[in-house]
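**Q** Sequence plus the predicted model coming up.
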Number of protein chains: 2
Amino acid sequence: MTEFELIRLLLPKLPTGPQMLLGAGDDCAILKPCDPDQELLFKTDSVVENVHFTADTPPEKVGRKALARCLSDMAAMAGQPTVALVTLGLPTGFDPAWVERCYDGLTMLARQYGVAIAGGETTRSLGGVFLSVSLLGVIPKGRRVLRSHAVEGDGVFVTGELGGSIGGRHLDFEPRLAEASWLAAHFTLHALIDISDGLAGDLGHILIASNVGAELFAPAIPIARVAKLRAREVVDAKPALLAALTDGEDFELLFTLPSSQAVTLADAWKKQFPLLKLSCIGRITAKSGLRLRDANGIRTLPTHGFTHFT
Amino acid sequence: MTEFELIRLLLPKLPTGPQMLLGAGDDCAILKPCDPDQELLFKTDSVVENVHFTADTPPEKVGRKALARCLSDMAAMAGQPTVALVTLGLPTGFDPAWVERCYDGLTMLARQYGVAIAGGETTRSLGGVFLSVSLLGVIPKGRRVLRSHAVEGDGVFVTGELGGSIGGRHLDFEPRLAEASWLAAHFTLHALIDISDGLAGDLGHILIASNVGAELFAPAIPIARVAKLRAREVVDAKPALLAALTDGEDFELLFTLPSSQAVTLADAWKKQFPLLKLSCIGRITAKSGLRLRDANGIRTLPTHGFTHFT
């Protein structure tokens, strides 16, 4: 099957949207200008065979993950995704059915979040499959939430449960788009990020960007059941708390806001998102660095979690 | 060197621009909304080691090519590029100096065309380097030029000279942005594309999209000197005319316009772009298919040139 035959197979199934003036099939996609009261968000990310998935991963989950990672980054800006472009690197002799299923997974998630797919490039790859997604989105003017405005006294919050994502959640996590938009609309978020490099690592990004430190309270950190199971059952697995602190690809929201809003937030959250846990895990300090407090006292944590090259 | 150390090295050197409200360093870039009298162009493309370049290719040229391919696609819509995002897949143990030089080539071309770089992701790649570029651009509302409006009687034009790009031009071609904008502003372009798959292949895209055919006049096809040299000197090289018809990665403009405008165009072009050849190589016909006329008569040509999977 040639590149062009493959594209002809895939194009008719791509979801479209009101922003799209011209979708796949020409040299570029054409989009409507965004509203003057909005700002544009722009993000790109890739998944690579044997790094982010394996030959055994169901292809639908590969396609889903490639888009979901970008959606999670858009959630980390409290934005709404609009239009995506896909580039797929394929080895010679690829299986067209694999590609179709990969696109099925990607487009199903796109439809769920109202994202139009403006085109799909394919290219040859000699070293296994890679899938690169570019995503546009919007935020209302003035509502952006960065990493760099955490201040002393803020509470540190995290959604969901952390650790052990490699057991499967890294393939079917839900990007927290609705949650982030709701938070930004109703509370004074000082800093917001999605956890892709691990809680300690991504909190480290906030601390450095904001020039502050943080103290976490160990018993408050929500540990995923799978991380606890792995700690008991898998040889050489990390202790569960360490997994929650350092495992990559949780894709939960990590944010800080004035502690004066903490109680209101906890109540409102339970009504709005009764099925998703929200935990206050610590507070921002003027003193730099990341510290963990538990029954034995307080100790300093390194802030490098999962990095792609180590 | 970790991903984060590498990013810290590269970020300060990225070119910025008036559209950028927030560049690299947070979860997404933030851009100003485009003018309401413009439409947005969106494109992504990748270059892959041992497909589009080799380990011997100077890294500056790898970076340059990755962006130049997207710029050429923007030219093919008569658009102006504005902001790019880069994703770089790197093997373990990569050479930071290689990456820096690769970015130098990319950013130098970006500055030349006024393109801001809104961020650079890196990811691990087990199968050699790949570089994926996403590009945004703008066109004035209503001035888009597609592939699908070629009509019977149009003249078929091509810029520059074709064939033998593999001899080096595929790494340092100039995207025809100024030429395409000027053409779209002053003439009634019916169809426009950039030649990436070879003249016959890309004209084939226009013919199919427009539901027409074309007849080319062999002596009018501008053959690059390197294609003639290769035909004489390289064992198994294509005959020069075949190279001009089917070699990929010429990245010249191919377009059709009413033949009534042909003479005016030829005169105005020489004044505007005295250093770049413009050739009328044939005409659009109602009869479908692609035909080549030479001293021996007329014959049908296949329209598949370079395809990535064959």
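**A** In hand now; what should we look at?

**Q** Can you name the residues of the stretch 51-200 of chain A that neighbour chain B?
**A** A:51-52, A:73-74, A:76-77, A:79, A:83, A:85-87, A:89-90, A:92, A:94, A:118-119, A:121-128, A:130, A:132, A:134, A:136-137, A:139, A:144, A:146-148, A:193-194 (CB under 8 Å from any CB of the partner chain). C-betas here are computed from N, CA, C, even on glycine.

**Q** Now which of those would you call buried?
**A** Neighbour counting by 16 or more other CB atoms under 10 Å in any protein chain shown classes A:51-52, A:73-74, A:76-77, A:79, A:83, A:85-87, A:89-90, A:94, A:118-119, A:121-125, A:127-128, A:130, A:132, A:134, A:136-137, A:139, A:144, A:146-148, A:193-194 among these as buried.

**Q** Which ones among those residues map onto strands?
**A** When DSSP state E is applied, these are split such that A:83, A:85-87, A:89-90, A:118-119, A:121-124, A:130, A:132, A:134, A:136-137, A:139, A:193-194 fall in strands.

**Q** Point out where the stretch 201-310 of chain A drops to low pLDDT.
**A** Scanning the stretch 201-310 of chain A for pLDDT under 70 picks out A:304-310.

**Q** Is any residue of stretch A:11-27 near chain B?
**A** Yes. Stretch A:11-27 lies within reach of chain B by CB under 8 Å from any CB, at A:L21, A:L22, A:G25, A:D26, A:D27.

**Q** Out of those, which sit inside strands?
**A** Per DSSP E, these map to strands at A:L21, A:L22.

**Q** Could you identify which of the residues of stretch A:11-27 next to chain B has the most neighbours?
**A** Counting neighbours by other CB atoms under 10 Å in any protein chain shown, A:D27 comes out on top of the residues of stretch A:11-27 next to chain B with 25 neighbours.

**Q** quick one: contacts for the nearest residue to A:A78 once chain neighbours are set aside?
**A** In space, and not counting its chain neighbours, A:A78 is closest to A:A184: 3.5 Å by CB to CB, 6 or more residues apart in numbering or on different chains. The contact partners of A:A184, taken as CB atoms under 8 Å, 6 or more residues apart in numbering or on different chains, are A:A78, A:R143, A:V145, A:L192.

**Q** And the residue of the stretch 1-150 of chain A closest to chain B?
**A** Residue of the stretch 1-150 of chain A nearest chain B, by CB to the nearest CB: A:G127 (0.9 Å).

**Q** which residues does A:S210 contact?
**A** Residues in contact with A:S210 (CB under 8 Å, 6+ apart) are A:R147, A:S148, A:H149, A:A150, A:V151, A:H190, A:A191, A:I284.

**Q** next one: phi and psi at the residue nearest to the first one when sequence neighbours are not counted?
**A** So the one you mean is A:R147. Sequence neighbours aside, A:A209 is the residue nearest to A:R147 in space, at 4.2 Å (criterion: CB to CB, 6+ apart). Backbone dihedrals for A:A209, given as degrees, to the nearest 10, come out at phi -60, psi -30.

**Q** The one 3 residues further on too?
**A** According to degrees, to the nearest 10, the main-chain angles of A:V212 amount to phi -140, psi -180.

**Q** Am I right that it is in contact with A:R283?
**A** No. The criterion here is CB atoms under 8 Å, and A:V212 misses it with A:R283 at 10.1 Å.

**Q** Looking only at neighbour counts, state which of those two leads.
**A** A count of neighbours by other CB under 10 Å puts A:V212 above the other of A:V212 and A:R283, at 24 against 18.

**Q** what about the more buried one, distance to A:D267?
**A** 27 Å (CB to CB, to the nearest Å).

**Q** quick one: buried residues of whatever helix or strand A:G204 lives in?
**A** In this assignment (DSSP states H and E), A:G204 forms part of helix A:199-210. Across helix A:199-210, burial judged by 16+ other CB under 10 Å covers A:L199, A:A200, A:G201, A:D202, A:L203, A:G204, A:H205, A:I206, A:L207, A:A209, A:S210.

**Q** Do I have it right that A:L14 meets A:M108?
**A** No. Using CB under 8 Å, A:L14 makes no contact with A:M108, being 11.8 Å away.

**Q** More neighbours: which of those two?
**A** Set side by side, A:L14 and A:M108 show more neighbours around A:L14, with 21 against 14, by other CB under 10 Å.

**Q** check contacts around the more buried one.
**A** If you count contacts by CB under 8 Å, 6+ apart, A:L14 has them with A:G23, A:A24, A:Y103, A:T107, A:A116, A:I117, A:A118, A:G119, A:G120.

**Q** and if you look at A:A240?
**A** Residues near A:A240 by CB under 8 Å, 6+ apart: A:G163, A:G164, A:I223, A:A227, A:K228, A:R230, A:A231.

**Q** Now rank those residues by neighbours and give me the top one.
**A** Neighbour counts for those, by other CB under 10 Å, peak at A:G163, which reaches 30 neighbours.

**Q** I figured it was touching A:G248, is that so?
**A** No. With contact defined as CB under 8 Å, A:G163 does not reach A:G248; the gap is 10.1 Å.

**Q** And chain A, what are its domain boundaries?
**A** With automatic domain parsing as the criterion, the domains of chain A are listed as A:3-140, A:154-301.

**Q** Mind checking the ones you listed for the one nearest to B:L171?
**A** For the domains of chain A, the distance to B:L171 is smallest for domain A:3-140, at 16.7 Å, taking CB to CB.

**Q** and that closest one, what's its mean pLDDT?
**A** The pLDDT scores in domain A:3-140 average 92.

**Q** in stretch A:17-36, what's buried?
**A** Neighbour-count burial for stretch A:17-36 flags A:17, A:19-20, A:22-34 (criterion: 16+ other CB under 10 Å).

**Q** Show me which pair in those residues is furthest apart.
**A** Pairwise distances across the buried residues of stretch A:17-36 (CB to CB) peak at 22.7 Å, for the pair A:G25 and A:C34.

**Q** show me where chain A has helices.
**A** Using DSSP state H, the helices of chain A run over residues A:3-10, A:59-75, A:96-112, A:169-172, A:177-186, A:199-210, A:225-233, A:240-246, A:262-272.

**Q** Pick the most deeply packed of those.
**A** Compared across those, helix A:59-75 shows the largest average neighbour count, a mean of 25 (mean count of other CB atoms under 10 Å in any protein chain shown).

**Q** from the middle of its chain, how far away would that one be?
**A** Counting by CA atoms, centre = their mean, to the nearest Å, helix A:59-75 is centred 8 Å from the centre of its parent chain.
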